[in-house]
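**Student:** all I have is the shape, not the residue letters:
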Ligand code: HPA
């Protein structure tokens, strides 16, 4: 089995059911990871878990040390990364509680440390990012989704905004015209950093709310949290199926 890590997002700061064997605090050239790296057994598979927003969910999307997180996972021999992300839905068919396995990304973030290829270069590197996600891992999710009785969309374009505020209606209209199906704040630069160090990386997104102007007049944290309770339960069920075949 390849060494597998799960990066948990909002609603998933700890992985219920994970039998923890070790907490590891790692130094990286980029500083501290969001949380200690937790080693454990989940569904009879040994995995590691990292809480992207910190163990107490205190790190906002634009302050996450994405480079430290990805570097640390690479450093300990991880080969594949499953990223869990709470998102808003732009596509009208996608509703709170649905899961999406995105196939494409549009990056609207700015000012984040977004590459390992910035300093001390012997030559300039342009990595291929035509297909930003690892097809093998995406396919594992798609196969697993045949075995569950909730909705899992097999593809979607994930637009990543800077946050921490949510978007305006006009911004969501523009993102829809661009082709985005879902909107979140953490998909980049995490995905590209993973690609830069050759990690097989895929995202399982869970819809926490309809994006601005697509549902309720206002988006409240209470609404997001309530929807995530069901959604995260679906994520766990899907992960269980993915890990069975791992
Ligand atoms: N926009 C951006 N990020 C999000 C949203 C949203 O509506 N919901 C959850 N994360």
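**Tutor:** Perfect, I can see it now. Nothing here was measured: the structure is a model prediction, and the numbers come from that model. Residues are numbered from 1 along each chain as shown.
**Student:** how far away is the closest residue to residue 125 other than its chain neighbours from residue 207?
**Tutor:** Distance criterion CB to CB, 6 or more residues apart in numbering; nearest residue to residue 125, sequence neighbours excluded, is residue 117 at 4.6 Å. Placement of C-beta: from N, CA and C, glycine included. When distance is defined by CB to CB, to the nearest Å, residue 117 is 33 Å away from residue 207.
**Student:** again, but for residue 169
**Tutor:** From residue 169 across to residue 207, the span is 18 Å (CB to CB).
**Student:** likewise residue 146?
**Tutor:** For residue 146, the distance to residue 207 - CB to CB - is 20 Å.
**Student:** touching, residue 67 and residue 113? I think so.
**Tutor:** Yes: the criterion here is CB atoms under 8 Å, and residue 67 meets it with residue 113 at 5.3 Å.
**Student:** neighbour count winner among residue 117 and residue 207?
**Tutor:** The neighbour count for residue 117 versus residue 207, taken as other CB atoms under 10 Å, is higher for residue 207 (26 against 13).
**Student:** isn't that one up against residue 92?
**Tutor:** No: between residue 207 and residue 92 there is no contact under CB under 8 Å: 11.9 Å.
**Student:** average pLDDT for stretch 220-228, rounded please.
**Tutor:** Mean pLDDT, stretch 220-228: 91.
**Student:** and stretch 166-183, by the same measure?
**Tutor:** pLDDT averaged over stretch 166-183 gives 98.
**Student:** report whether it contacts the ligand.
**Tutor:** Yes: residues of stretch 166-183 contacting the ligand under CB under 6 Å from any ligand atom: 166-167, 183.
**Student:** need the helices for this protein, in chain order.
**Tutor:** Here the chain has its helices, by DSSP state H, at 66-75, 135-145, 169-178, 190-196, 221-244.
**Student:** can the fourth one be said to contact the ligand?
**Tutor:** Just to be clear, that refers to helix 190-196. No: counting by CB under 6 Å from any ligand atom, the ligand is not contacted by helix 190-196; separation bottoms out at 14.0 Å.
**Student:** show me what that helix is packed against.
**Tutor:** Other elements packing on helix 190-196 under the criterion 3 or more CB pairs under 8 Å, 6 or more residues apart in numbering; DSSP states H and E are helix 66-75, strand 80-89, strand 200-210.
**Student:** ok now that helix, how far from the chain's centre?
**Tutor:** Distance, stretch centre to chain centre, for helix 190-196: 11 Å (CA atoms, centre = their mean, to the nearest Å).
**Student:** ok, the second one next?
**Tutor:** Offset of helix 135-145 from its chain centre (CA atoms, centre = their mean): 15 Å.
**Student:** contacts for that helix?
**Tutor:** For helix 135-145, the surrounding residues in contact (CB atoms under 8 Å, 6 or more residues apart in numbering) are 80, 82, 99, 101, 103, 152, 154, 200-202, 204, 238, 241-242, 244-246.
**Student:** mark which of these are buried, thanks.
**Tutor:** Neighbour counting by 16 or more other CB atoms under 10 Å classes 80, 82, 99, 101, 103, 152, 200-202, 204, 238, 241-242, 246 among those as buried.
**Student:** distance to the ligand and pLDDT added to these, as a markdown table?
**Tutor:** Listed next are those as a markdown table, based on distance: CB to the nearest ligand atom, whole Å; pLDDT from 0 to 100:
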| residue | distance to the ligand | pLDDT |
| --- | --- | --- |
| 80 | 24 | 97 |
| 82 | 18 | 97 |
| 99 | 14 | 97 |
| 101 | 17 | 98 |
| 103 | 19 | 98 |
| 152 | 18 | 98 |
| 200 | 24 | 98 |
| 201 | 19 | 98 |
| 202 | 18 | 98 |
| 204 | 14 | 97 |
| 238 | 18 | 95 |
| 241 | 24 | 94 |
| 242 | 22 | 95 |
| 246 | 28 | 83 |
